[in-house]
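S.K.: pasted the sequence and its predicted model underneath.
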Amino acid sequence: MSSHPAKTRAGISRRSLLGGAAATAAIWPVTFATAHPRPSRWSVEQPGIGGIGLRYQGSVITEKARSHGNIAALCDVDRHVREQARAAFGSTPKIYENYLDLLNNPAVDVVCIGTPDHWHSKMLIDACRAGKDVYCEKPLTLTLREGHVIRKAVADTQRVVQVGSWQRSDHRFRLAVELVRSGRIGQLQSVDVVLGKNVQGGPFERVPVPKHFNWNLWQGQTPDVPFLAERSHYTFRWWSEYSGGQMTDWGAHHVDIANWGINSLPVEISGKGTYPDVTDGYNVPIDFSAEVKFANGVVMTISDTGRNGIMFNGSEGRIFVNRGTISGKPVEDLASQPLERDAFQVYDFDNLDRPQRMGKLDSIINHMGNFFDCVEARRLPVSDVESQHRSVSLCHLSNIAVRLGRRLNWDPEQEDFRNDAEASSMLSRPQRAGFEVL
């Protein structure tokens, strides 16, 4: 395995970023990263960071990025959130309501996107085309077809993009995948994923749009509808217009880890669910389950009921992992048959000088660190665009199967359903004029 060279530093210099990229241009994959040089202002010492979408998770990732650079600009469509961000990050950063103004700021080199899901694709693409490297919260996309546009934009611009599926940087989840992929449970046969129930609620009261909140800009590509406080901020995830419920919320974490362990492509998806019938209320499924069959014969089940986590079932054992534990005989056997970090195989640009971390906030430290390592070296991050497009596509496909309530045949090379116009029509959505993901 190729490991990351030993490094200790407070941040990345713009000078070393440009020099390192040029010196190593010949060895990177052809789909990635060294064609576009940095602007001349990289002579100053640290990259400028811009944070977009700053209510909780966006502020978390921007804070974690701060140890690698300077916070140059902040953006949110909610003036109250912008004011809170100013209080947290000081008066030096420029403050914006519209993210396009932030992207036009020449002091911003790296962007952290922590907005609701329906904005991820467009902001990521616009940031790449503006010459910025990007850390974007999960899930990567609102629809599967958006992933195709992102894939092309990243390839065309040669930007470094890390998706915030931070469980890949949590030692428990990484160890589980390494054990599975190295054969410690024999041949992998099935994976069971439990995500938890969607929240139900409504009808909610229609109220005037708060004066401090740009509702039009918040809605972005989605239909222009009357304002409900419950549509925005954290509870956006229970509306199919803006998210995919637990299937894409927790699925972008757990389905991603399951997919990393399976290491194959889907060929058949089935699902079932029940839906609420509430005007002005949450509209993601009340109950849902799905089954995905892969080309290598592995079957993954996805459920909203049971113990939250991932169970890998093999011919010679099984491993359970979630955010609190990793268990199973192969884990117990590590006492006599260790699997050292320098023998890990599923990702080839680890920084072994970083300590093993577990849990959300600690793991994001390593996830952000991996991003900035890759910004410096022009390498693929551990949660790169292709892997995350493939993982969140499983979530989108499962949601489509749940909605249609029947078995669907999938062509993983063409990324389309086989002879199923109804299902194929659900791979994208109409987008409001002026906010298209193009």
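M.R.: Thanks, I have the structure now. Residues are numbered from 1 along each chain as shown.
S.K.: for Val199, pull up the helix or strand it's in.
M.R.: Under DSSP states H and E, no helix or strand contains Val199.
S.K.: which ones are touching the residue nearest to it when sequence neighbours are not counted?
M.R.: Leaving aside its sequence neighbours, Val199 sits nearest to Trp238 (C-beta to C-beta, 6 or more residues apart in numbering; 5.0 Å). C-betas here are computed from N, CA, C, even on glycine. Trp238 is in contact with 198-201, 230, 245, 282-284, counting by C-beta atoms under 8 Å, 6 or more residues apart in numbering.
S.K.: end-to-end on stretch 46-57?
M.R.: 23 Å (C-alpha to C-alpha, to the nearest Å).
S.K.: what comes up buried for it?
M.R.: Using 16 or more other C-beta atoms under 10 Å as the test for burial, stretch 46-57 gives 46-55, 57.
S.K.: ditto for stretch 247-265
M.R.: Buried, per 16+ other C-beta under 10 Å, within stretch 247-265: 247-262, 264-265.
S.K.: where in this protein is the helix or strand with the lowest mean pLDDT?
M.R.: One helix or strand of the chain scores below all others by mean pLDDT, DSSP states H and E: helix 14-23, with a mean of 36.
S.K.: check the buried residues of stretch 46-57 and tell me the two furthest apart.
M.R.: Using C-beta to C-beta, the buried residues of stretch 46-57 span at most 25.7 Å, a distance reached by Gln46 and Arg55.
S.K.: and the residue nearest the centre of the chain, helix, strand or coil?
M.R.: In the chain, the C-alpha nearest the mean C-alpha coordinate belongs to Lys138, at 2.6 Å (C-alpha atoms, centre = their mean). For Lys138, the secondary-structure state derived from DSSP: H, G, I helix; E, B strand; the rest coil is coil.
S.K.: now do the contacts for the closest residue to it other than its chain neighbours.
M.R.: Spatial nearest neighbour of Lys138, chain neighbours left out: Ala252 (3.9 Å); criterion: C-beta to C-beta, 6+ apart. Contacts of Ala252 were listed using C-beta under 8 Å, 6+ apart, and they are 138-140, 165, 388, 391-392, 395.
S.K.: can you do 6 Å?
M.R.: Applying C-beta atoms under 6 Å, 6 or more residues apart in numbering, we find Ala252 in contact with 138-139, 165, 392.
S.K.: got a pLDDT number for the closest residue to Gly114 other than its chain neighbours?
M.R.: With C-beta to C-beta, 6+ apart as the criterion, Gly114 has its nearest non-adjacent residue at 2.2 Å, and that residue is Gly58. Reported pLDDT at Gly58 in the predicted model: 97.
S.K.: let's verify Gly58: helix, strand, or coil?
M.R.: Going by three-state DSSP: Gly58 is helix.
S.K.: same deal with Ile365?
M.R.: helix.
S.K.: in which helix or strand does Cys391 reside?
M.R.: Careful, residue 391 is Ser; it's not Cys. When elements are defined using DSSP H and E, Ser391 is found to belong to helix 385-404.
S.K.: and the contacts of Ala252 as JSON lines, adding pLDDT?
M.R.: Shown next, in JSON lines, are those (pLDDT from 0 to 100):
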{"residue": "Lys138", "pLDDT": "98"}
{"residue": "Pro139", "pLDDT": "98"}
{"residue": "Ser165", "pLDDT": "98"}
{"residue": "Val392", "pLDDT": "98"}
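S.K.: looks like the residue nearest to the centre of the chain contacts Gln162 (just checking).
M.R.: No: using C-beta atoms under 6 Å, Lys138 makes no contact with Gln162, being 10.3 Å away.
S.K.: just to revisit the earlier point, now, among the contacts of Trp238, which is nearest to Ile71?
M.R.: Using C-beta to C-beta, the shortest approach to Ile71 within the contacts of Trp238 belongs to Glu230, at 30.7 Å.
S.K.: residue contacts, the closest one?
M.R.: So Glu230 contacts Phe204 (C-beta under 6 Å, 6+ apart).
S.K.: distance of it from Asn263?
M.R.: Taking C-beta to C-beta, to the nearest Å as the measure, Glu230 falls 39 Å from Asn263.
S.K.: look at Ala65 and say how many residues are nearby.
M.R.: 24 (other C-beta atoms under 10 Å).
S.K.: give the helix, strand or coil label for it.
M.R.: Reduced to three states by three-state DSSP, Ala65 is helix.
S.K.: surely Val382 is within a strand?
M.R.: No: counting by three-state DSSP, Val382 falls outside a strand, being coil.
S.K.: could you number the chain from 35 rather than 1 from now on?
M.R.: In the new numbering, first residue 35, that becomes Val416.
S.K.: surely it touches Tyr381?
M.R.: Yes: Val416 is in contact with Tyr381 according to C-beta under 6 Å; the separation is 5.0 Å.
S.K.: more crowded one of those two?
M.R.: Set Val416 next to Tyr381 and count neighbours by other C-beta under 10 Å: Val416 wins out with 25 against 21.
S.K.: pLDDT at that one, what is it?
M.R.: 98.
S.K.: next one: phi and psi at it?
M.R.: Per-residue torsions, Val416: phi -70, psi -30 (degrees, to the nearest 10).
S.K.: and it, how far from Val243?
M.R.: When distance is defined by C-beta to C-beta, Val416 is 40 Å away from Val243.
S.K.: give me the phi and psi angles of the closest residue to His102 other than its chain neighbours.
M.R.: Nearest non-adjacent residue to His102, counting by C-beta to C-beta, 6+ apart: Phe406, 4.3 Å away. When read as degrees, to the nearest 10, the backbone of Phe406 gives phi -70, psi -30.
S.K.: please tell me how far Phe406 sits from Ser432.
M.R.: With distances taken as C-beta to C-beta, Phe406 is found 33 Å from Ser432.
S.K.: repeat that for Pro300.
M.R.: 9 Å.
S.K.: ranges for the strands of the stretch 185-334 of the chain?
M.R.: For the stretch 185-334 of the chain, the strands defined by DSSP state E, counting those that start in this stretch occupy 195-197, 222-228, 300-308, 321-328, 333-337.
S.K.: the third one pairs with which strands?
M.R.: Same thing as strand 300-308. According to DSSP bridges, strand 300-308 forms sheet pairs with strand 321-328 (antiparallel), strand 442-445 (antiparallel).
S.K.: how about these, which one is nearest Gly362?
M.R.: Taking C-beta to C-beta, strand 321-328 is the member of the strands paired with strand 300-308 nearest to Gly362, at 21.3 Å.
S.K.: send the alpha carbons of that closest one over as CSV?
M.R.: This file holds the C-alpha atoms of strand 321-328, laid out as CSV (Å, rounded to 0.1, in the frame of the first residue of the first chain):
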residue,chain,number,x,y,z
ASP,A,321,-42.2,2.9,6.5
PHE,A,322,-39.6,1.7,4.0
SER,A,323,-37.4,-1.2,3.0
ALA,A,324,-35.3,-2.1,0.0
GLU,A,325,-33.2,-4.9,-1.4
VAL,A,326,-30.3,-4.4,-3.8
LYS,A,327,-28.6,-7.3,-5.7
PHE,A,328,-25.1,-6.7,-6.9
